[in-house]
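Novice: Whatever this is, show me its structure:
(one chain, ligands or ions: 2)
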Amino acid sequence: MSEIKVIVAGPRGKMGSEALKMIEKQPALSLSACIDRKHEGRKVSDIDGLPPFDAVIYTDAEACLRQVDADVLIDLTTPENGYKHTKLALENGVRPVVGTTGFTREQLDELMQLSEEKKTGAVIAPNFAIGAVLMMQFAKWAAKHFPDVEIIEKHHDQKLDAPSGTAVKTAELIKEMREPHHQGHTDEKETLEGARGADVEGMKIHSMRLPGLVAHQEVIFGGLGETLTVKHDSIHRESFMSGVKLATEKVMDLDVLVYGLEYLLD
Ligand SMILES: NC(=O)C1=CN([C@@H]2O[C@H](COP(=O)(O)OP(=O)(O)OC[C@H]3O[C@@H](n4cnc5c(N)ncnc54)[C@H](OP(=O)(O)O)[C@@H]3O)[C@@H](O)[C@H]2O)C=CC1
Ligand SMILES: O=C(O)C1=N[C@H](C(=O)O)C[C@H](O)C1
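Specialist: Ligands and ions are numbered 1, 2, ... in the order given. So this is what the prediction gives:
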């Protein structure tokens, strides 16, 4: 396999900096450039705490994606910027691998259509941790037998989007197995607004944000006289990196956008 040339957007972030460390360890990947909000024209190696790459930092994403010779854009930024970068990448023939969450359904549909039009593969994965992908698949399976379900996701307090991309994706997978229906007492009333969480066709999603947390989710199913809990914890962001690497390699063979790492697992 020839070397895959990568641009990373968000290199100073919690995930972006972890992605740079992963690229540094992979002989099959090379860093062509970074997209950041700061440090125009400087080398990555000039920035405190980042690995010693000679790759140059661009603050203008469009200029970067037009000018730099790259195969893949890894985006780990914010919902608004991640969407813009993904669109620009597709328009410039660079394959996006997107971990950024918080895109709307309309944005995802638009990006899928653009990817198809441009015949440029893309991966948008709300969670790159293999354990989290399995947790979502197990939850989908369980929903066939346990239609009453609530999702509790817990994250660090710097997270911008709620519910998490993982919780949204989990609810979408469960929806494929579960008929919409009300859960709980039909006369139930919230005496404090929001007490029952967000509602997706009757199932509930609860989002917790606290310092000290990384990324955690429980999917709790209730049946007659029993409950089943499917649970996943990322306790370090290196948990996401084997998935980022896999997506970066596999996107080279795609000509459509896939939403979820499960499509790339054997
Ligand atoms: N799919 C997955 O497995 C995972 C996804 N995520 C998602 O990844 C994203 C990043 O998460 P995380 O690393 O924790 O967040 P951070 O806030 O730590 O990092 C985001 C980085 O993006 C930078 N940034 C903001 N705007 C721009 C821009 N226009 N161009 C380039 N860089 C920009 C920020 O810079 P500054 O600090 O100066 O604002 C910051 O360095 C989130 O959407 C999160 O939900 C997180 C973990 C796993
Ligand atoms: O912001 C995070 O940290 C995470 N975001 C993703 C999400 O929204 O699901 C993935 C993981 O949960 C960590």
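Novice: Tell me which residue in this structure sits closest to ligand 1.
Specialist: Scanning the chain for proximity to ligand 1 using C-beta to the nearest ligand atom identifies G13 as nearest, at 2.2 Å. Every C-beta, even on glycine, is put in place using the N, C-alpha and C of the backbone.
Novice: what separates I124 from ligand 2, distance-wise?
Specialist: Using C-beta to the nearest ligand atom, to the nearest Å, we find I124 at a distance of 12 Å from ligand 2.
Novice: Show residues contacting stretch 59-66.
Specialist: 7, 9, 33, 35-40, 58, 73, 81, 84-85, 88-89, 91-92, 94 (C-beta atoms under 8 Å, 6 or more residues apart in numbering).
Novice: How far off centre is stretch 80-94?
Specialist: Relative to its chain's centre, stretch 80-94 lies at 15 Å (C-alpha atoms, centre = their mean, to the nearest Å).
Novice: what comes up buried for that stretch?
Specialist: 81-90, 92, 94 (16 or more other C-beta atoms under 10 Å).
Novice: Check those one by one and keep those near ligand 1.
Specialist: Filtering the buried residues of stretch 80-94 for proximity to ligand 1 by C-beta under 6 Å from any ligand atom leaves N81.
Novice: and which of the buried residues of stretch 80-94 is nearest ligand 2?
Specialist: Among the buried residues of stretch 80-94, and counting by C-beta to the nearest ligand atom, the member closest to ligand 2 is G82, at 11.4 Å.
Novice: That closest one belongs to a helix?
Specialist: Yes - applying DSSP: H, G, I helix; E, B strand; the rest coil, one finds G82 inside a helix.
Novice: ok, it to M252 distance?
Specialist: 21 Å (C-beta to C-beta, to the nearest Å).
Novice: A139 now?
Specialist: As judged by C-beta to C-beta, A139 and M252 stand 30 Å apart.
Novice: neighbour-wise, which of the two wins?
Specialist: Using other C-beta atoms under 10 Å, the more surrounded residue of A139 and M252 is A139, with 27 against 13.
Novice: and the one helix or strand the more buried one maps to, what other elements does it pack with?
Specialist: For A139, the host element (DSSP states H and E) is helix 130-145. Counting contacts by 3 or more C-beta pairs under 8 Å, 6 or more residues apart in numbering; DSSP states H and E, helix 130-145 packs against strand 148-155, helix 165-175, strand 215-223, strand 226-234, helix 241-250.
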